[in-house]
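Q: output the structure for:
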Amino acid sequence: MNKIVVLGGGTAGFMTGYTLKKVYPDKNVTIIKSDNIPTVGVGESTLGHINQWLSMVGLEDSEFMKECNASYKLSIRFENFNKLGDGGFHYPFGVANLENTIAGLNDWHFKKILHPETHVSNFAETYFPNMSLVNHNTIVNPKIEKDLGLGSFCFKEDTAYHFDAALFGQFLEKKFKEIDGEVVIDDVVRVATNEDGIEKLILSSNEITADLYIDCTGFKSMLLGEALKEPFESYEDILPNNSAWATQLPYTDKKKELVGYTNCTAIQNGWVWNIPLWNRMGTGYVYSDKYISDEDALEQFKSYLKRDDLNFRNLKMRVGIHKRIFVKNVCAIGLAAGFIEPLESNGLLSVHEFLTRLVRVLNRDSISEFVKEQFNVTCNTFFKNFAEFVALHYALSERTDTQYWRDIQKRNYSIERDYVKYNSFFQDINRWKFNDFFYPKDGGWACIATGMNWGATDEPTLKYGLYSHDFKNVKDNWKRSIDMLEKRKKDWDLKASFCHPLEEYLRLNIYNDTDKDKNKKQKTTFR
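A: This next block holds a predicted model:
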């Protein structure tokens, strides 16, 4: 498969083309881009996994951030997902710090039992140093990091990015051309097929053939879905939303509003995102049109924003994934393959995760049906697992204030499925709640579970396990661990308070605005 054609000129298309040409410079990689088909243009928030892809293709954050109005992201915040007025909680990036704990992530739950007034937001704050940066709205400065010994901060997996996805696609288009990638601007008039898959693409001006066709045509899925008729597996049984309104907001107080996290607020029929970029904020309302019309959803969104003087764009989402994404000589990447929903910033996640796996396939001289099937199983397993992670944000909710949330309480999530097939988040969440000795190391879903009032243990369970109504021994045994959690949180908070304010750091180090204070500029260490 030495001649590869990528159909689609959006962010997914140019991520795909650039990856394949960068890893395999001897292959002929062509991207077909249409000026008559608009790109989705959202997906402005990423996860820390993107740093692995950036490393694979040799890109530094200093190369793209300024061109894409990017900012750093350390966490995702969720508000009102458990109950109205719940105060919110965070899912910070990175690996939980379990040093000097007795039972790892479970230690905090003994603290919650002994001190019921402790808010669930304290869970992430006592295990993830990044939360001190988030709460102070600061970012690590190399000199301060060295002076204060912030060894727990600033791993590559601890950071992600907010950026303009359309500008990111344009940046990658330039990079793709720099390494001799070919871009054809034309429209596909017809897709010719044969027993091997796609025979050729008939364009408005000529025809093009390839050994491998990559479908990056978004929800249309022109090659995999329309031409090859590959069945689509809907995930609407575990994910309720299928629509969104999106718009952009100007800053009114940039130093305060430009924060290092994506904010997600649950409202009547879904949730609202807020993503702070360098030059403005992106916001949108994700909802289900089974419970509210598009017109009424827009009015709800305007009421939430308290303004109606903005340009709003409506999006329809196809939630699920094709049964196979590599069929014959076609492989789908991005929305053409599948989509979960914007919660947990997973829009670009499947793009670079599927690409990484495709790169490993393409290093073979011959790609058999067995190899394609292995690729399909791996990608579908990853996708299904993450879909369950997103579904937990709804499944664990205790809201009953609207019909939308009441029906979520009644959903059947088919947790009796065969867990042997893949590592299930539904399985892990069950083991944490109902098994006495399950100590998870992955803090991500533990943050979601704790924030949604799904604790590792509770007072009745503790009394049951100890054969005692007396908590005196428990308090004595766990006091050291609880004190340690609070002590190191205070230590992280102190160190974070000395770091650069996020807006100032970006202005001086990424956007090179040194007029206000030329002496504060420091070299970034995130990549």
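Q: in the stretch 251-400 of the chain, which spans are helices?
A: Taking DSSP state H, counting those that start in this stretch, the helices of the stretch 251-400 of the chain run over residues 254-257, 294-305, 349-361, 369-395.
Q: for Asn263, give its distance to Ser45.
A: If you measure Asn263 against Ser45 using Cβ to Cβ, to the nearest Å, the figure is 10 Å. C-betas here are computed from N, CA, C, even on glycine.
Q: before we move on, the earlier item: let's have the helices of the stretch 251-400 of the chain in CSV, adding mean neighbour count, mean pLDDT and distance to Asp107.
A: Formatted as CSV, the entries for the helices of the stretch 251-400 of the chain read as follows, by neighbours: other Cβ atoms under 10 Å; pLDDT from 0 to 100; distance: least, Cβ to Cβ, whole Å:
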stretch, mean neighbour count, mean pLDDT, distance to Asp107
helix 254-257, 14, 96, 33
helix 294-305, 16, 98, 38
helix 349-361, 20, 95, 30
helix 369-395, 18, 94, 22
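Q: can you list these in CSV and add distance to Leu508?
A: What follows is the helices of the stretch 251-400 of the chain, written out as CSV (distance: least, Cβ to Cβ, whole Å):
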stretch, distance to Leu508
helix 254-257, 13
helix 294-305, 31
helix 349-361, 29
helix 369-395, 36
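Q: quick one, which of the ones you listed gets closest to Glu173.
A: If you check each of those against Glu173 by Cβ to Cβ, helix 349-361 wins as the nearest, at 15.2 Å.
Q: what packs against that closest one?
A: Under the contact criterion of 3 or more Cβ pairs under 8 Å, 6 or more residues apart in numbering; DSSP states H and E, the helices and strands touching helix 349-361 comprise helix 11-23, helix 50-57, helix 369-395.
Q: run the chain-centre distance for the last one.
A: This means helix 369-395. Averaging C-alpha positions (Cα atoms, centre = their mean, to the nearest Å) puts helix 369-395 15 Å from its chain's average.
Q: need the next SSE after it, C-terminal direction.
A: Downstream of helix 369-395, the next assigned helix or strand under DSSP states H and E is helix 403-409.
Q: for that following helix, the averaged confidence score.
A: Throughout helix 403-409, pLDDT has a mean value of 97.
Q: Tyr287 contacts Asn269, doesn't it?
A: Yes. Using Cβ atoms under 8 Å as the test, Tyr287 is close enough to Asn269 to be in contact (4.5 Å).
Q: quick check: neighbours shared by those two?
A: 297, 300 (Cβ atoms under 8 Å, 6 or more residues apart in numbering).
Q: comparing the two, which residue is more hemmed in?
A: Tyr287 (27 against 23; other Cβ atoms under 10 Å).
Q: following the helix or strand bottoming out on mean pLDDT in the chain, which helix or strand comes up?
A: When the helices and strands of the chain are compared on mean pLDDT, DSSP states H and E, helix 142-148 comes out lowest with a mean of 47. Using DSSP H and E, the helix or strand that follows helix 142-148 in sequence is strand 160-162.
Q: returning to what we had before: export the helices and strands packed on helix 349-361 as a markdown table, with columns for distance to Asn363.
A: As requested, the helices and strands packed on helix 349-361 are exported to a markdown table (distance: least, Cβ to Cβ, whole Å):
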| stretch | distance to Asn363 |
| --- | --- |
| helix 11-23 | 9 |
| helix 50-57 | 13 |
| helix 369-395 | 11 |
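Q: out of those helices, which gets nearest to Lys83?
A: If we rank the helices and strands packed on helix 349-361 by Cβ to Cβ, the stretch that ends up nearest is helix 369-395, at 13.3 Å.
Q: how many residues are close by Asp407?
A: For Asp407, which is what you asked about, the neighbour count (other Cβ under 10 Å) is 14.
Q: ok, it - contacts?
A: Counting by Cβ under 8 Å, 6+ apart, Asp407 makes contact with 240, 291.
Q: over to Ile482?
A: Contacts of Ile482 (Cβ under 8 Å, 6+ apart): 107, 110-111, 114-115.
Q: can I have the buried ones of those residues as a PyMOL selection?
A: Once 16 or more other Cβ atoms under 10 Å is used to decide burial, the buried members of these can be selected in PyMOL as follows:
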select buried, resi 107+110+111+114
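Q: between the contacts of Ile482, which is nearest Gln170?
A: Ranked by distance to Gln170 (Cβ to Cβ), those are led by Asp107 at 47.2 Å.
Q: the strand or helix carrying that closest one packs against which elements?
A: For Asp107, the enclosing helix or strand under DSSP H and E is helix 107-114. Applying 3+ Cβ pairs under 8 Å, 6+ apart, one finds that helix 107-114 contacts helix 121-127, helix 459-466, helix 472-497.
Q: out of the helices and strands packed on helix 349-361, which gets nearest to Thr217?
A: For the helices and strands packed on helix 349-361, distance to Thr217 was read as Cβ to Cβ. The smallest value, 8.4 Å, belongs to helix 11-23.
Q: compute the inter-axis angle for the closest one and helix 349-361.
A: Angle between the axes of helix 11-23 and helix 349-361 is 30 degrees (criterion: axes from the mean of the first three to the mean of the last three Cα atoms, to 10 degrees).
Q: for the remainder of this discussion, apply numbering that starts at 7.
A: OK, 7 is where the count begins now, so the last one is helix 17-29.
Q: domains of the protein?
A: According to the domain assignment given by automatic domain parsing, the chain is divided into the following structural domains: 9-75+169-240+324-399, 81-166+245-323+403-416+448-502.
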